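>>> Okay, here's the prediction I keep looking at, along with the sequence it came from:
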Amino acid sequence: MTPRDLVALAGRALTGTDDWAKALARELGRHHPDGPRETIDPRSVSRWRTGAMEVLPWAMAALPTILRDHATELDDEADRLRARAGRLLDAAAEIEAELPEPPGPRR
C-alpha cells in the first residue's frame, strides 16, 4: 500500500465519505511539526490524494494517532447514546405504566 493509499484510507475512515480532504487537513493541523494550527492547506492533502505531491513524512506519522483519537471519540459518543437510550426506555416504561388499562374485548 502506498502512502497515497494510506492517506485515502485514513481520510475515508475519518469521515465515512469520499469528501475527506478538508477534514483530514484540519486534523493534521493539530499535529503540524511547527506546532498546532487550525488546519494545513487542504490543497496539499488534495495533491497527496491525486499523487501530484508526495505525502509529507510527518503527516504519515500522524495518521495512526488521528485515527486512534477519532475511534476514542466515536466510542465515547456511542457510550453517551447507549446511556441516553437507556434513560429513554426507562421513561417510556414509566409513562406506559401510568396509562390506563385498555378496555377489554367487547361481547
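Great, that's in hand.
>>> pLDDT score assigned to residue 107?
Per-residue confidence for residue 107 comes out at a pLDDT of 64.
>>> what's the answer for residue 11, then?
Checking the pLDDT column for residue 11, the value is 95.
>>> Contacts only, for the residue nearest to it when sequence neighbours are not counted.
With sequence-adjacent residues excluded and distances taken as C-beta to C-beta, 6 or more residues apart in numbering, residue 11 is closest to residue 20, at 3.2 Å. All C-beta spots, glycine's among them, are computed from the backbone N, C-alpha and C. Remark: with contacts taken as C-beta atoms under 8 Å, 6 or more residues apart in numbering, residue 20 is in contact with 8, 11, 12, 14.
>>> Please tell me how far residue 20 sits from residue 72.
Taking C-beta to C-beta, to the nearest Å as the criterion, residue 20 is separated from residue 72 by 19 Å.
>>> same deal with residue 63?
Distance of residue 63 to residue 72, given as C-beta to C-beta: 15 Å.
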